[in-house]
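Asker: My questions are about this predicted structure, shown below with the sequence.
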Amino acid sequence: MAIQWFPGHMHLTKQAITERIKNIDVVIELLDARLPGSSANPMLAELTAGKPALKVLNKQDLADPAYTALWLAHYNSQSGTRALALDASVTAPAKALATACFELAPKRGGMVKPMRVLICGIPNVGKSTLINTLTGKRATKTGDEAGITKIEQRISLADDFYLYDTPGVLWPRIIVAKSGYNLAASGAIGRNAFNEEEVALELLDCLIKHYPTLLEARYKLDPVAGLRDEEVLEAIGRKRGALQSGQRVNMQKAAEIVIYDFRAAVMGRISLETPEEFAQWLAAGQKLDAERQVKKDAIELDRKIRFKKIPRPDKRES
């Protein structure tokens, strides 16, 4: 299953970012620390190319610290980029963002040259929570659901520091299948755009490999090593009483339990990808996408020839 979700307001957001970026000094991209690669929007990278970038790994309190360290090293090794990890609801670390912005754009500051920062990211990554923490008041709406913010907002953090908030935006087409599942598991994609059972199975596949003890402890399971994700999901359903007639497991209900528990971090601190893993997924996705485009172009060329929209080669000229 290919997971895709791009509501109409995201088209407007893309246009707004394209226009706003001309006068921006630093771009803050908020990422989900549990899936930084999957939550980094390639469309945003294209729109903001050339601007100093601050990558903020939010929800670090939910993520595996060892994985987060790998991602921070990955981003901090890139030119014109800094990376921080934080919990957007905690005031002290959040205020370190302003310092990082001035380090990335040292010539900005003061009333003559105020700092102009664009903050962006995927839906439900915590932008509104971060802004409310920075301002010390409820400047924006928040909620555990994708797509809360719908319009651009300008917020003054100081007389010489302006923050432009944009609605969460995904990219028009997700080419990395694993990213689609990880985004759905995290809550970044609208609930009607994916099948909970498929997402839960992909999530369990990761947990069986990398976090078996957390999985066993949370659901009081026997060792899960060697089991298929379907078997583990069924076992969880039985342990949690997700049963229907004939004592059959309601797999949909079991899937909802697993996804909820991951989002709430009640299993423990879990991350779904390393920089190396994501690079492999991305390379495979790009290769497959390129192959699809070649086939699509060939079909379009054949269509044009059949409908005489382009001339056929003249055999007499060969």
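Answerer: Thanks, I have it. Numbers count the residues shown, from 1 in each chain.
Asker: Show me the shaky parts of this structure.
Answerer: 1-11, 137-152, 171, 308-318 (pLDDT under 70).
Asker: ok, 50 please
Answerer: Low-confidence segments of the chain (pLDDT under 50): 140-150, 318.
Asker: where exactly do the helices run in this protein?
Answerer: For the chain, the helices defined by DSSP state H occupy 8-20, 42-47, 65-76, 91-104, 127-135, 177-186, 196-210, 212-219, 229-239, 251-264, 275-306.
Asker: got the buried residues for the third one?
Answerer: Neighbour counts over helix 65-76 (16 or more other C-beta atoms under 10 Å) mark Tyr67, Thr68, Trp71, Leu72, His74, Tyr75 as buried. All C-beta atoms are positioned from the backbone trio N, CA, C, and that covers glycine.
Asker: What of the longest one?
Answerer: When neighbours are counted by 16+ other C-beta under 10 Å, the buried residues of helix 275-306 are found to be Pro275, Phe278, Trp281, Leu282, Gly285.
Asker: now it against helix 196-210, angle please.
Answerer: Using axes from the mean of the first three to the mean of the last three C-alpha atoms, to 10 degrees, the inter-axis angle of helix 275-306 relative to helix 196-210 is 140 degrees.
Asker: Tell me what angle helix 275-306 forms with helix 65-76.
Answerer: Using the same axes, to 10 degrees, helix 275-306 lies at 60 degrees relative to helix 65-76.
Asker: could the buried residues of helix 275-306 be laid out in a markdown table, adding distance to Pro52?
Answerer: Below are those laid out as a markdown table (distance: C-beta to C-beta, whole Å):
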| residue | distance to Pro52 |
| --- | --- |
| Pro275 | 21 |
| Phe278 | 23 |
| Trp281 | 27 |
| Leu282 | 23 |
| Gly285 | 28 |
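Asker: Just give me the residue right at the centre of this structure.
Answerer: The centroid of the chain falls nearest to Ser39 when counting by C-alpha atoms, centre = their mean (2.0 Å).
Asker: Which residues does the nearest residue in space to it that is not next to it in sequence form beta bridges with?
Answerer: The spatially closest residue to Ser39, leaving aside those adjacent along the chain, is Asp32, at 4.2 Å (C-beta to C-beta, 6 or more residues apart in numbering). For Asp32, the beta-bridge partners are Asn58 (DSSP bridges).
Asker: neighbours around Asp32, how many?
Answerer: Residues lying near Asp32 (other C-beta atoms under 10 Å) number 28.
Asker: Run through the residues that contact it.
Answerer: Asp32 sits next to Ser38, Ser39, Leu57, Asn58, Lys59, Ile122, Val125, Gly126, Ser186, Ala188 when contact means C-beta atoms under 8 Å, 6 or more residues apart in numbering.
Asker: Nearest to Gly268, out of those: which one, please.
Answerer: Lys59 (13.8 Å; C-beta to C-beta).
Asker: is it true that that closest one touches Leu31?
Answerer: No - counting by C-beta atoms under 8 Å, Lys59 does not reach Leu31; the two are 9.0 Å apart.
Asker: what's the overlap in contacts for these two?
Answerer: Common neighbours of Lys59 and Leu31 (C-beta under 8 Å, 6+ apart) are Val125.
Asker: coming back round to it: of all the helices of the chain, which lies closest to Val26?
Answerer: Here helix 91-104 is closest among these (C-beta to C-beta), at 4.6 Å.
Asker: for that closest one, the distance to its chain's centre please.
Answerer: Per C-alpha atoms, centre = their mean, to the nearest Å, the displacement of helix 91-104 from the mean C-alpha position of its chain is 22 Å.
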